[in-house]
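Asks: Could you look at this predicted model? Sequence included:
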Amino acid sequence: MYFLSCVDDVVKEHAKHVYNDATFRESLAKYGLAHVVGAISPELIRKTLFDVNKRLYTMDLKEFGYNDPGVGKYSFNTDLPFYHETFDHSLLPHLFHLLLGPMERPYKSDVAQVTIRFPGMFCGNDDHTKRWHLDGVGPQSNDNITAVKPRIQNFDALVVILLSDSHGKYSGELGVYPQSHLRLSKWLTPERLHQWQYTGLEALPNGPLSDEVVGTKPFHLLGKAGDIFITNYMIGHFPICNESPHLRYNLYYRVNGPTSSSRHSLKERPQHMYEPIKHWKL
Ligand SMILES: O=C(O)CCC(=O)C(=O)O
């Protein structure tokens, strides 16, 4: 017990140290993203990667739910308790307590998403300006196929955990558009927001509008296994081509602060798309 509380104190101190670094907060406010090196312990990374690879080996791919060739095929959402530990036992709950404010209960992870990008994925004539997207935007099908519920089910932060070392640019890493949270919120009008809710991803300004609205230079989320990137929920992102001979593994969590929606409360707050950093303590 004593040992566990010591570990918790160390993790809490680490979170405080990260938060108190002004460049970390400035980066989140200005660019909508920040990199924390070595944030997750090698032991948690090892256990998570072991489980993912074991599933590949045993072909226990039930969790690889989406039947969407190319995009979602090697992506699975999981609510298995094991995947919550990687978030819940790390500095992340403490860091979000500081970044988004205290909650009635401690921060806990929502569903985890694991994505694997195999060599060759998204290479060739791929046009990423058509593929960048925001999560939580767009209609949701109900059981009754004809009834589609419009929604903007936004959250506050996307956490990207690298489960494997990057092998240089174009090794399947996530690409993000720095500042797109601010640029998109400026571009948004009530009509456009309405389209996002009803049409979803197709109504985002990608393709020919992309350079003008979100920018021309994506930033590549590269690092070592155990590094994390925290991004604002309104940062446009997409997986980059994997030209390396290695598999790339990322783990994602979507985090809700005290004022945001959650899949449990099913609150929606489309108006927050106009003020992407309003609820952050930066
Ligand atoms: O890691 C990836 O491949 C990107 C996944 C992604 O963008 C998403 O699921 O929204």
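Replies: In hand now; what should we look at? Numbers count the residues shown, from 1 in each chain.

Asks: give the contact list for G236.
Replies: W132, H133, L134, V176, Y177, S180, L184, L204, N206, V214 (CB atoms under 8 Å, 6 or more residues apart in numbering). From N, CA and C alone the C-beta is placed, and that goes for glycine too.

Asks: I'd like those laid out as a markdown table, including pLDDT and neighbour count.
Replies: Shown next, in a markdown table, are those (pLDDT from 0 to 100; neighbours: other CB atoms under 10 Å):
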| residue | pLDDT | neighbour count |
| --- | --- | --- |
| W132 | 94 | 23 |
| H133 | 93 | 17 |
| L134 | 93 | 23 |
| V176 | 98 | 27 |
| Y177 | 98 | 24 |
| S180 | 97 | 28 |
| L184 | 97 | 25 |
| L204 | 93 | 23 |
| N206 | 92 | 20 |
| V214 | 96 | 24 |
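
Asks: ok, so of those residues, who is nearest I228?
Replies: Nearest to I228 among the contacts of G236, counting by CB to CB, is V176 at 13.4 Å.

Asks: Against which helices or strands is the longest helix seen in the chain packed?
Replies: For the chain, the helix reaching the highest residue count under DSSP state H is reported as helix 2-20. Counting contacts by 3 or more CB pairs under 8 Å, 6 or more residues apart in numbering; DSSP states H and E, helix 2-20 packs against helix 92-100.

Asks: what's in contact with the helix it packs on?
Replies: Contacts for helix 92-100 (CB under 8 Å, 6+ apart): 11-12, 14-16, 18-19, 28, 39, 87, 103, 106-109, 156-157, 159, 228, 230, 253, 255, 257-258, 260, 279-282.

Asks: pull the CA atoms of it into PDB?
Replies: The C-alpha coordinates for helix 92-100 follow below in PDB (Å, rounded to 0.1, in the frame of the first residue of the first chain):
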ATOM      1  CA  LEU A  92      -2.400  11.700 -17.400                       C
ATOM      2  CA  PRO A  93      -5.300  11.800 -14.800                       C
ATOM      3  CA  HIS A  94      -3.200  14.300 -12.700                       C
ATOM      4  CA  LEU A  95      -2.200  16.300 -15.800                       C
ATOM      5  CA  PHE A  96      -5.800  16.700 -16.900                       C
ATOM      6  CA  HIS A  97      -6.800  17.700 -13.400                       C
ATOM      7  CA  LEU A  98      -4.500  20.700 -13.900                       C
ATOM      8  CA  LEU A  99      -5.200  21.300 -17.600                       C
ATOM      9  CA  LEU A 100      -9.000  21.000 -17.500                       C
END
